[in-house]
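# Here you go, sequence then predicted model.
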Amino acid sequence: MTPLPEPPVPPAASALTEVEAHGVERIPDADRTATALDLFRLAFGGANTFSTCVLGAFPILFGLSFRQGLAATVLGVVAGALILCPMAVFGPVNGTNNAVSSSAHLGVHGRVVGSFLSLLTAVAFFSLSVWSSGDALVGGAHRLFGLERDNLSYVVAYALFAGLVLAVCVYGFRFMLFVNKIAVISASALFLLGVIAFAGDFDPSYAGVFTDSADAVTRSMFWPSFIGSALIVLSNPVSFGAFLGDWSRYIPASTPRRRVVGAAFLSQLATLLPFVFGLATASIVATKAPKYLDPAAPDFVGGLLAVSPGWFFLPVCLLALIGGLSTGTTSLYGTGLDFSSVFPRLSRVRATLLVGVLSIAFIFVGRFGLDLVQSISTFATMIVTCTTPWMVVMTLGFFTRRGWYDPDALQVFNRRQRGGRYWFTHGWNWRGMTAWWVAALVGVLFTDIPGQFVGPLGDLAHGVDISLPLSLAVAAVLFLALLWLFPEPRAAYGPQGARLVPTAEVPVPPITGQGAVAGAPESLPAADAG
């Protein structure tokens with residue numbers, strides 16, 4: 001097979017303002033100069049933001065006390081980080097993003113599942129960053145300069161902020177990394193400044209609604225609210241699952257895997273800073289300005305500005321601008337990158353612009369035409385439900401393959417070719433696909449977030465949301481069972497063979513189509529291909 005020509009400008013040497021040349025093809029070794037610390041900065045910077053504070057406020061919105069909300073938050077962050085961190089290894093190993101890497105487990109065509117999940121995540125978190133940052137900017141301008149808080153002000157703020165995020169994403173990885181380096185330091189400093197601003201008002205004994213004096217109906221909603229809060233928090237680290245490879249693909253393959261996995265895990269533990277800030281300030285708002293947390297029309301941003309000391313208005317606006325820019329870019333960049341391969345007529349820049357425009361449309365519809373809180377909760381639920389089983393299949397696939405992949409065969413879809421080690425059945429690995437969609441469907445059926453989204457079987461657990469443990473277990477058990485009952489071709493595994501599962505000696509079709517070697521044999525023995 002003749003290799004595709006490499007882009008003429010290595011990202012490592014390019015200027016910040018030069019548009020990134022690389023798409024989802026394998027990054028040449030000479031250009032892979034990022035480090036595990038860079039991955040930490042991007043993953044932490046993308047979540048060390050004002051929009052994460054909004055997610056952190058949900059336990060209070062659901063009626064939990066501060067201590068109960070803190071327990072739900074820690075549970076969600078730690079569980080999400082453990083699920084997420086293995087997804088960091090695919091980028092250094094294969095030099096491409098995670099959707100492309102999923103070709104090895106879902107098939108050449110099945111990799112579009114990862115593209116769909118990244119699109120769902122990008123729309124949700126790009127929208128959340130624009131909503132929260134726009135609301136904070138308009139609210140701060142209202143308090144500082146008397147700007148009217150009407151629809152026109154919000155439209156202008158959303159449009160300007162979304163355009164700024166799009167511009168950073170178009171320039172690409174190096175510019176995004178530069179923005180996140182600044183965001184990590186500045187946002188952390190502003191959050192710590194917020195500790196000083198709210199120290200006098202904060203009361204860790206805030207009791208919420210689930211007190212001893214609450215009626216039986218209210219008390220019966222505690223566990224559904226607790227689990228629902230933890231799942232919304234968990235959606236934040238899980239949302240990075242489809243994106244980690246976008247950034248870690250610039251890390252050299254020789255980097256120890258434990259260092260890459262550790263960077264991903266620690267980046268999510270560090271997000272306890274914005275999560276707890278949102279949780280603590282929401283408890284203050286619930287005490288001093290409860291009208292802003294009315295379940296019918298909650299306005300956490302407005303409430304935060306209402307209880308903030310005057311000198312903290314400007315830091316809040318800066319936090320909204322810097323943090324929202326970081327979240328928006330990390331969400332949108334990877335989706336534009338991946339969709340440039342799904343739709344071959346679109347370059348990375350054009351695909352980024354297309355996804356950005358679609359996301360902006362959702363922003364305005366969700367903000368002015370739908371229930372904003374329900375939109376966020378439902379999207380977060382769908383992200384956890386659909387993405388987590390996909391991540392389980394990927395992680396178990398990495399384990400059974402002993403971390404061995406054929407980077408060239410992973411690019412078959414992007415080159416509009418056919419065949420190769422990961423062709424399986426007409427480009428679909430029905431084993432991984434079945435495990436994913438069955439587990440995702442089970443998760444949707446058993447989802448139960450009170451007042452937000454309840455699946456058809458959600459009430460079977462008496463109001464407790466058991467969708468996540470069920471979908472995790474179904475994905476793991478079903479995928480391994482299918483690998484045992486219907487072994488994959490030996491060629492899909494490396495020289496050391498499979499771990500834990502059997503393989504089948506079946507012929508593997510040669511790679512044909514654009515860029516294929518003329519006169520290649522019709523089939524290749526699987527044993528030789530391995």
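Okay, I see it.

# do you know how far the closest residue to T503 other than its chain neighbours is from E505?
Leaving aside its chain neighbours, T503 sits nearest to R490 (4.3 Å; criterion: Cβ to Cβ, 6 or more residues apart in numbering). Any C-beta I mention is one placed from the backbone N, CA and C, and that applies to glycine too. Per Cβ to Cβ, to the nearest Å, R490 is found 6 Å from E505.

# Could you say which helix or strand holds T381?
In this assignment (DSSP states H and E), T381 forms part of helix 372-400.

# Tell me the first helix or strand C-terminal of that helix.
Remark: after helix 372-400, the chain's next helix or strand is helix 407-410, criterion DSSP H and E.

# Just give the strands next to the helix or strand following that following helix in its sheet, each with its orientation.
Heading C-terminal from helix 407-410, the first helix or strand you meet, by DSSP H and E, is strand 417-418. If you go by DSSP bridges, strand 417-418 pairs up with strand 512-513 (antiparallel).

# What average pLDDT does stretch 110-123 get?
On average, the pLDDT along stretch 110-123 is 84.

# how far out from the middle of the chain is it?
10 Å (Cα atoms, centre = their mean, to the nearest Å).

# now what about that stretch, what contacts it?
Applying Cβ atoms under 8 Å, 6 or more residues apart in numbering, the external contacts of stretch 110-123 come out as 98-100, 102-103, 106, 239, 241-243, 331-332, 334-335, 338-339, 341-342, 355, 358-359, 362, 379, 382-383, 386-387, 390, 413, 427-429, 432-433, 436.

# For ChimeraX, write a command that selects the buried ones of these.
Per 16 or more other Cβ atoms under 10 Å, the buried members of the contacts of stretch 110-123 correspond to this ChimeraX selection:
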select :98,99,100,102,103,106,239,241,242,243,331,332,334,335,338,339,341,342,355,359,362,379,382,383,386,387,390,413,427,428,429,432,433,436
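
# In this structure V74 contacts Q268, no?
No. Using Cβ atoms under 8 Å, V74 is not in contact with Q268; the gap is 11.5 Å.

# who's more crowded, those two?
Q268 (26 against 16; other Cβ atoms under 10 Å).

# How about the contacts made by that one?
Contacts of Q268 (Cβ under 8 Å, 6+ apart): A43, F44, A47, V77, G80, A81, L84, C85, N236, P237, F240.

# was I right about the last one contacting A43?
Spelled out, it's F240. Yes. Assessed by Cβ under 8 Å, F240 is found in contact with A43 at 5.9 Å.

# got the contact list for A57?
Here A57 is in contact with G278, L279, T281, A282, V285, F300 (Cβ under 8 Å, 6+ apart).

# which non-adjacent residue is nearest the last one?
Which is F300. A57 (4.6 Å).

# mind listing the helices in the stretch 51-200 of the chain by residue range?
Secondary structure of the stretch 51-200 of the chain (DSSP state H, counting those that start in this stretch): helices located at 58-61, 66-84, 90-94, 98-101, 103-106, 112-145, 151-171, 173-198.

# A197 touches L314, doesn't it?
No. With contact defined as Cβ under 8 Å, A197 and L314 do not form a contacting pair (11.3 Å).

# The two: which is more packed in?
A197 (18 against 12).

# Contact partners for the more buried one?
When contacts are counted by Cβ under 8 Å, 6+ apart, A197 touches S308, P309, W311, F312, P315.

# Make JSON lines out of those residues and add distance to S132.
Below are the contacts of A197 laid out as JSON lines (distance: Cβ to Cβ, whole Å):
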{"residue": "S308", "distance to S132": "15"}
{"residue": "P309", "distance to S132": "20"}
{"residue": "W311", "distance to S132": "21"}
{"residue": "F312", "distance to S132": "16"}
{"residue": "P315", "distance to S132": "15"}
